[in-house]
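Asks: Sequence plus the predicted model coming up.
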Amino acid sequence: MLNKYPLWKNLLVVLVLVLGCIYAAPNLYPPDPAIQIMPSRAGTDMSEDVLVKVRQTLEQRGIEYFGEEVRGSTVLMRLTSNDQQLPAKDALQRILGDSYVVALNLAPTTPDWLLNLGAGPMTMGLDLSGGVHFLMEVDMDDYLKSRVTNYREELRNRLREEQLRYRRIQIDGSTVRVSFVDADTRTTARAFFSRNYPEFTQTEVDGNDSSDLLLSITEAKVREFEDYAVKQNLTTIRNRVNELGVAEPLVQRQGRNRIVVELPGVQDTAEAKKILGKAANLEFRLEAEAGASRLATDEYNFRNEPFRSARLEKTLITTGDSVTNAQPGFDENGFPQVNISLDARGGAMMTQVTRKAVQRRMAVLFVERRPQTTYEVVDGVEVPKTIQVVDKSIISLATIQTTLGNSFRITGLQSGEASELALLLRAGALAAPMYFVEERTIGPSLGKENIEMGVNSVVLGLALVLVLMAVYYRTFGLVANVALLANIVFLIAMMSMIGATLTLPGIAGIVLTVGMAVDANVLIFSRIREELRAGRSPQQAIHEGYDRAFVTILDANITTLIVALILFGVGTGPVKGFAVTLSFGIIASMFTAITLTRAMINLIYGNRRVESLSIGGRV
């Protein structure tokens with residue numbers, strides 16, 4: 001029978017409509033402006049004293065708050081107005097100092113029943129919610145210098161093992177200069193370096209009393225070092241951004257040695273820079289033996305026990321740069337431990353040192369370079385000043401039970417320390433120093449204006465299309481209008497389900513989708529008119545109109561979808577946002593313009609005798 005869907009297909013259309021409404025519904029609940037407070041040092045719980053200070057500070061400044069939420073080490077204070085976020089943040093940061101991170105945030109208000117169904121609102125991009133944009137560059141010169149310096153101790157040990165006599169090893173930038181006692185030894189060393197250190201190019205230099213060999217890092221190895229440094233820094237920065245609790249941050253590589261960071265909802269560039277630019281690393285050192293010279297040792301406090309200290313040798317075994325993996329676990333007695341994996345070079349150094357240090361204790365030293373804010377009075381006004389502070393503290397000191405290699409375990413940890421240590425080893429350090437080359441701030445008021453303009457453009461475009469379709473196509477136009485509204489609901493639902501970020505170009509994609517969504521219906525309705533003019537009955541005209549227009553609609557939408565996918569693949573930032581909404585809009589319009597409108601037309605005209613169609617125009 002013409003123009004009648006089976007029951008299962010009608011039920012499927014209804015089910016899709018219901019699911020679309022459910023997963024689009026969370027966007028009807030806008031988030032509350034909030035302030036998030038958490039300790040600068042991970043693993044520290046939020047104390048009641050700090051909570052009292054937070055409440056008192058907000059009350060003294062006349063800042064209204066509600067919905068205080070404490071989750072472990074983090075507290076979230078909901079505010080009644082976006083305008084109060086910055087004053088609240090400034091007041092709390094000054095009271096709490098550098099021991100705590102105070103960040104702007106948006107607290108969700110989605111009902112629990114929607115969250116239990118896995119539904120959540122779209123997140124707003126930087127241009128809609130406001131925030132900060134950073135362009136950071138990896139200091140490759142400093143990083144390469146440090147990597148080459150690490151070769152010095154290694155080459156000393158290897159040359160001694162090979163019994164190759166040398167006078168001295170000097171570092172000059174990215175070049176290692178090794179002075180040998182004679183030319184024959186240098187020749188033998190060249191063969192040794194060729195076999196074991198292919199990352200060096202070798203150049204012979206004759207001095208007055210020595211035969212020197214210059215070892216220079218190859219361009220391929222430099223690129224390898226750069227890729228490692230940027231990738232490791234990307235991982236570290238992402239972890240640090242996650243600690244801020246920022247909704248949908250953007251952290252991605254740009255070019256050879258730069259990283260772009262965008263933090264929606266964060267307004268204080270100084271605070272964000274403090275978190276992102278914090279440089280930290282790990283060092284493995286042996287505990288100093290009794291009677292060791294004070295000149296060859298240093299004393300450090302324990303990270304979690306500041307009144308406890310230990311003396312460590314100045315000579316490094318290896319650093320956190322050599323750690324490839326670290327996972328918390330338990331030993332055979334059920335005590336916490338951390339399973340460590342090192343790269344080849346780090347494993348070789350660890351084996352060499354620990355072979356002679358069984359039953360001695362090895363320390364893991366956490367080295368942190370962080371900016372610290374102080375205030376100076378200039379012309380009667382307090383002006384913040386940032387200075388760099390280097391902190392070194394012991395996070396583990398355990399006895400070496402046997403010779404260690406690429407894989408070993410750290411024991412003697414307290415409950416909870418194993419997980420923290422594993423996290424620090426995996427991604428707690430920047431592989432290379434970084435500096436900020438660009439920073440921009442987008443205020444929340446600008447984001448609000450962008451949202452209002454974007455919403456107004458969608459509403460205006462939608463209203464014009466709805467009026468035009470209703471006037472020109474009458475009943476069929478009203479059906480198309482219902483499908484158009486459903487198309488927007490489906491588009492929002494799909495973006496919410498995958499956690500996509502809505503940007504201003506994304507809103508432009510929605511506006512374009514509004515126009516494209518009715519294009520398919522225009523083709524179908526025009527085809528139905530042609531069939532009626534050709535003498536077809538109303539039922540046959542509807543059937544032929546949908547069937548014959550389908551191929552044209554499919555071709556047009558597939559080509560547009562391919563372009564959108566290309567834009568998403570090669571584009572960045574705003575271009576991706578536009579491509580996402582355009583792609584989802586095309587997919588949604590294929591369903592609403594063909595399947596949904598056909599189902600409604602079938603309900604109106606199907607399975608009964610029809611003399612004429614309310615489709616407008618002259619037929």
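Replies: Alright, I've got the coordinates. Residues are numbered from 1 along each chain as shown.
Asks: Which strand residues bridge the closest residue to A183 other than its chain neighbours?
Replies: Leaving aside its chain neighbours, A183 sits nearest to S211 (4.6 Å; criterion: Cβ to Cβ, 6 or more residues apart in numbering). (Each C-beta comes from the backbone N, C-alpha and C, glycine too.) Partner residues in beta bridges with S211, using DSSP bridges, are F180, D206.
Asks: tell me the SS of I601?
Replies: Secondary structure state of I601, per DSSP: H, G, I helix; E, B strand; the rest coil, is helix.
Asks: For it, give its distance to D519.
Replies: Note on I601: its distance to D519, by Cβ to Cβ, to the nearest Å, is 17 Å.
Asks: These two: which is more packed in?
Replies: I601 (22 against 14; other Cβ atoms under 10 Å).
Asks: Please list all residues in contact with the more buried one.
Replies: With contact taken as Cβ atoms under 8 Å, 6 or more residues apart in numbering, I601 is in contact with N3, F476, V479, I542.
Asks: which one of these sits closest to R156?
Replies: Sorting the contacts of I601 by how near they are to R156, with Cβ to Cβ, puts V479 at the top with 82.7 Å.
Asks: Excluding sequence neighbours, find me the nearest residue to that closest one.
Replies: M600 (4.8 Å).
Asks: Show the contacting residues for that neighbour.
Replies: If a contact means Cβ under 8 Å, 6+ apart, then M600 has V479, V482, A483 as its contacts.
Asks: How about the second one, nearest residue that isn't a chain neighbour?
Replies: Pointing back at V482 there. M600 (6.6 Å).
Asks: before we move on, what about the last one?
Replies: Using Cβ to Cβ, 6+ apart and skipping residues adjacent in sequence, the residue nearest A483 is T592, 4.1 Å away.
Asks: Number of residues surrounding the one you found?
Replies: 29.
Asks: and it, helix, strand or coil?
Replies: Of the three states, T592 takes helix according to three-state DSSP.
Asks: F307 versus that one, what's the distance?
Replies: As defined by Cβ to Cβ, T592 lies at a distance of 68 Å from F307.
Asks: ok, now P505?
Replies: Noted for P505: a distance of 56 Å to F307, by Cβ to Cβ.
Asks: between those two, which one's more packed in?
Replies: P505 (21 against 6).
Asks: From T513, how far out is the residue nearest to A483?
Replies: Here T592 is placed at a distance of 11 Å from T513 (Cβ to Cβ).
Asks: What are the boundaries of the strands in the stretch 201-350 of the chain?
Replies: Counting by DSSP state E, counting those that start in this stretch, the segments of the stretch 201-350 of the chain that form strands are 211-217, 250-254, 258-264, 279-286, 297-302, 309-313, 318-319, 323-330, 336-342.
Asks: Just send those strands back as a markdown table, with mean pLDDT too.
Replies: Formatted as a markdown table, those follow (pLDDT from 0 to 100):
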| stretch | mean pLDDT |
| --- | --- |
| strand 211-217 | 86 |
| strand 250-254 | 84 |
| strand 258-264 | 84 |
| strand 279-286 | 76 |
| strand 297-302 | 88 |
| strand 309-313 | 91 |
| strand 318-319 | 84 |
| strand 323-330 | 78 |
| strand 336-342 | 82 |
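Asks: closest one to T560 among these?
Replies: It is, among these and with distance given as Cβ to Cβ, strand 250-254, at 26.0 Å.
Asks: tilt between that closest one and strand 258-264?
Replies: Taking axes from the mean of the first three to the mean of the last three Cα atoms, to 10 degrees, one finds strand 250-254 and strand 258-264 inclined to each other by 160 degrees.
Asks: domain parsing for this protein?
Replies: According to automatic domain parsing, the chain is divided into the following domains: 7-26+443-605, 32-107, 141-222, 279-429.
Asks: Start and end of the longest one, how far apart?
Replies: Meaning domain 7-26+443-605. 16 Å (Cα to Cα, to the nearest Å).
Asks: so where is the stretch 51-200 of the chain shaky, pLDDT-wise?
Replies: When the per-residue scores of the stretch 51-200 of the chain are filtered using pLDDT under 70, the ranges that remain are 98.
Asks: Strands of that one, residue ranges please.
Replies: With DSSP E, counting those that start in this stretch, the ranges of strands along the stretch 51-200 of the chain come out as 65-71, 74-79, 100-107, 123-124, 131-138, 166-172, 175-180, 200-206.
Asks: Now render the ones you listed as TSV, adding mean neighbour count and distance to T351.
Replies: Formatted as TSV, these follow (neighbours: other Cβ atoms under 10 Å; distance: least, Cβ to Cβ, whole Å):
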stretch	mean neighbour count	distance to T351
strand 65-71	13	43
strand 74-79	20	42
strand 100-107	23	40
strand 123-124	23	48
strand 131-138	22	31
strand 166-172	14	21
strand 175-180	19	22
strand 200-206	14	22
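Asks: Which of those strands sits closest to Q93?
Replies: That would be, of those and by Cβ to Cβ, strand 100-107, which comes in at 4.5 Å.
Asks: Please name every helix or strand in contact with that closest one.
Replies: In terms of contact count using 3 or more Cβ pairs under 8 Å, 6 or more residues apart in numbering; DSSP states H and E, strand 100-107 is assigned the packing partners strand 32-39, strand 74-79, helix 85-96, helix 219-244, helix 269-276.
Asks: Now do it and helix 219-244, the angle between them.
Replies: Strand 100-107 and helix 219-244 are oriented at 70 degrees to each other (the same axes, to 10 degrees).
Asks: from the chain's centre, how far out does strand 100-107 sit?
Replies: Averaged C-alpha coordinates place strand 100-107 at 17 Å from its chain's average position (Cα atoms, centre = their mean, to the nearest Å).
Asks: just the angle between it and strand 131-138, please?
Replies: Strand 100-107 and strand 131-138 meet at an angle of 130 degrees, taking the same axes, to 10 degrees as the criterion.
Asks: Name every strand pairing with strand 100-107 and say which way it goes.
Replies: Taking DSSP bridges, the sheet neighbours of strand 100-107 turn out to be strand 32-39 (antiparallel).
Asks: biggest helix in this protein by residues?
Replies: The longest helix of the chain (DSSP state H) is helix 444-497.
Asks: what's the average pLDDT for that helix?
Replies: When pLDDT is averaged over helix 444-497, the result is 84.
Asks: Hmm, R253 is touching L234, no?
Replies: Yes. Distance between R253 and L234: 6.2 Å, which falls inside the contact criterion (Cβ atoms under 8 Å).
Asks: which residues do these two both contact?
Replies: Shared contacts of R253 and L234, defined by Cβ under 8 Å, 6+ apart, comprise I259.
Asks: Which one of these two is surrounded by more residues?
Replies: Relative neighbour count places L234 above the other of R253 and L234, with 18 against 15, counting by other Cβ under 10 Å.
Asks: And the more buried one, how far from D227?
Replies: The spacing between L234 and D227, counted by Cβ to Cβ, is 11 Å.
Asks: Please render the strands of the stretch 201-350 of the chain as TSV that adds distance to T149 to the earlier fields.
Replies: TSV is the format used below for the strands of the stretch 201-350 of the chain (distance: least, Cβ to Cβ, whole Å):
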stretch	distance to T149
strand 211-217	12
strand 250-254	26
strand 258-264	24
strand 279-286	14
strand 297-302	18
strand 309-313	18
strand 318-319	11
strand 323-330	19
strand 336-342	19
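Asks: quick one, which of those strands is nearest to S583?
Replies: Closest approach to S583 among the strands of the stretch 201-350 of the chain (Cβ to Cβ): strand 250-254, 19.0 Å.
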